[in-house]
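**Student:** got a predicted model here, sequence first, then my questions.
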2 protein chains.
Amino acid sequence: MTEPAATATGYEIALREAGVRITRPRRVILGILADAGDHPDAMEIFRRAVEVERGISLSTVYRTMKLLEGIGAIHRHAFEGGPSRFEPAAGDHHDHLIDIDTGDVIEFQSDRIEELQQEIARALGYDIVHHRLELYGRKRRKQ
Amino acid sequence: MTEPAATATGYEIALREAGVRITRPRRVILGILADAGDHPDAMEIFRRAVEVERGISLSTVYRTMKLLEGIGAIHRHAFEGGPSRFEPAAGDHHDHLIDIDTGDVIEFQSDRIEELQQEIARALGYDIVHHRLELYGRKRRKQ
DNA sequence: ATGCAATTGCAAATCGTTTGCAATTAACGA
DNA sequence: TCGTTAATTGCAAACGATTTGCAATTGCAT
């Protein structure tokens, strides 16, 4: 059976294929990413990593994030204001709704919007390389 | 006749109404914003300002941008990677297509996409406070 | 086991932006 | 017109997020 991408071992396989070493700190970080249900930033990943094994440095977290981003294993999101937040690239494409009160991130997907984007870009003479669609909202008070 | 918002004097009126002083540096910066056809960043505005009158500081550019953003006279865009870029808030709402090769910014608007965003947010129990839709693309090679 | 290049931790550097402070100045009324 | 005074300025230093140089460490192929 094929290992899902967003799995500790899935990441390791991807790294091996990219020809990089599986080091102690990396293994810890990969483990954290693998079972992060949220969209943590570098500092948060660092905190969780130190929890697992002290001595890991923030630099290494950043370096590993860049590495993983480079091989397409994770996505980096620069939501308004704050630092970059990361998430496993596994799974289908989606956009984000950010709760401006809590910082919570909700994923959503709309084929229709994707199509419209394509149409717009084409009409302007462009090919979309990637896009960013973020909705910043507030939970509707149930009345 | 009413002064269009994105005009040097239009800005001054807005500032006066906000109860802030029209100073020499501010007048210069407002003039630059008024006839900026592009989406310059703080450093670029600073360069243009010094051109008009040396002695203006980058701090003042930043402070003025924040002020104008605060009263809703300009919009700040944090496109990928680079520094914040600004544009007069005057005119109707639009989103952006960024040419990843040149940095050029093309504005576009889609009522349909706006509607879909509303629907999505509503379905998730949220009210949209604002959103960010950016298409990053490359000019299609005419073949 | 051994060797060497990849990787690490640390501290210092970087980039964009903000801020403290003393000096300047716009805008008000006399 | 001239002060008076609080808002604004320029400067330099502080800032937060991220990157980097470097010497010490460590995977991993032999």
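**Tutor:** All right, it came through fine. It should be emphasised that the depicted structure is a prediction, and the values quoted were computed from it without experimental measurement.
**Student:** who in chain A is up against DNA strand D?
**Tutor:** Taking C-beta under 7 Å from any atom of the strand as the contact definition, chain A meets DNA strand D at A:21-24, A:41-43, A:58-59, A:62-63, A:65-66, A:78, A:82-84. No exception for glycine: its C-beta is placed from N, CA and C like everyone else's.
**Student:** so which of the residues you listed reach DNA strand C?
**Tutor:** Contacts with DNA strand C within those, as defined by C-beta under 7 Å from any atom of the strand: A:21, A:23-24, A:59, A:63.
**Student:** most neighbours among these, which one?
**Tutor:** For those, counting by other C-beta atoms under 10 Å in any protein chain shown, the largest number of neighbours falls to residue A:63: 14 neighbours.
**Student:** for the record, mean pLDDT for the helix or strand where that residue lies?
**Tutor:** Taking DSSP states H and E as the criterion, residue A:63 maps to helix A:58-70. Helix A:58-70 shows a mean pLDDT of 96.
**Student:** name the nearest residue to the residue nearest the centre of chain A, ignoring sequence neighbours.
**Tutor:** With distances taken as C-alpha atoms, centre = their mean, chain A has residue A:87 as the residue nearest its mean C-alpha position (2.1 Å). Nearest residue to residue A:87 in three dimensions, chain neighbours excluded: residue A:39, at 4.9 Å (C-beta to C-beta, 6 or more residues apart in numbering or on different chains).
**Student:** now do the contacts for the one you found.
**Tutor:** By C-beta atoms under 8 Å, 6 or more residues apart in numbering or on different chains, residue A:39 lies in contact with A:77, A:85-87, A:105.
**Student:** for it, grab phi and psi.
**Tutor:** Note on residue A:39: its backbone torsions stand at phi -130, psi 80 [degrees, to the nearest 10].
**Student:** how near is it to residue A:105?
**Tutor:** For residue A:39, the distance to residue A:105 equals 5 Å [C-beta to C-beta, to the nearest Å].
**Student:** host element of residue A:97?
**Tutor:** Per DSSP H and E: strand A:95-99 holds residue A:97.
**Student:** try residue A:79
**Tutor:** Per DSSP H and E, residue A:79 falls between elements, in no helix or strand.
**Student:** ok, it - contacts?
**Tutor:** A:85, A:96, A:98, A:105, A:134 are the contacts of residue A:79 under C-beta under 8 Å, 6+ apart.
**Student:** if we use 7 Å, what do you get?
**Tutor:** By C-beta atoms under 7 Å, 6 or more residues apart in numbering or on different chains, the residues touching residue A:79 are A:85, A:98, A:134.
**Student:** between those, which sits nearest residue B:34?
**Tutor:** residue A:134 (29.5 Å; C-beta to C-beta).
**Student:** over to residue A:129: give its phi and psi.
**Tutor:** Torsion angles, degrees, to the nearest 10, at residue A:129: phi -90, psi -40.
**Student:** okay, now it: neighbour count?
**Tutor:** Neighbours of residue A:129 under the rule other C-beta under 10 Å: 13.
**Student:** now do it against residue B:98, distance only.
**Tutor:** From residue A:129 over to residue B:98 the distance is 10 Å, taken as C-beta to C-beta.
**Student:** packing partners for whichever strand or helix holds the residue nearest to the centre of chain A?
**Tutor:** Using DSSP H and E, residue A:87 sits in strand A:85-88. The criterion is 3 or more C-beta pairs under 7 Å, 6 or more residues apart in numbering or on different chains; DSSP states H and E, and the helices and strands that strand A:85-88 contacts are strand A:74-77.
**Student:** just how off-centre is the strand it packs on within its chain?
**Tutor:** Offset of strand A:74-77 from its chain centre (C-alpha atoms, centre = their mean, to the nearest Å): 3 Å.
**Student:** who touches it?
**Tutor:** A:33, A:39, A:65, A:68-69, A:84-89, A:96.
**Student:** and with 6 Å instead?
**Tutor:** Residues outside strand A:74-77 that contact it (C-beta atoms under 6 Å, 6 or more residues apart in numbering or on different chains) are A:68-69, A:84-89.
**Student:** now, among these, which is nearest to DNA strand D?
**Tutor:** residue A:84 (3.3 Å; C-beta to the nearest atom of the strand).
**Student:** before we move on, the earlier item: highest neighbour count among the contacts of residue A:39?
**Tutor:** residue A:86 (23 neighbours).
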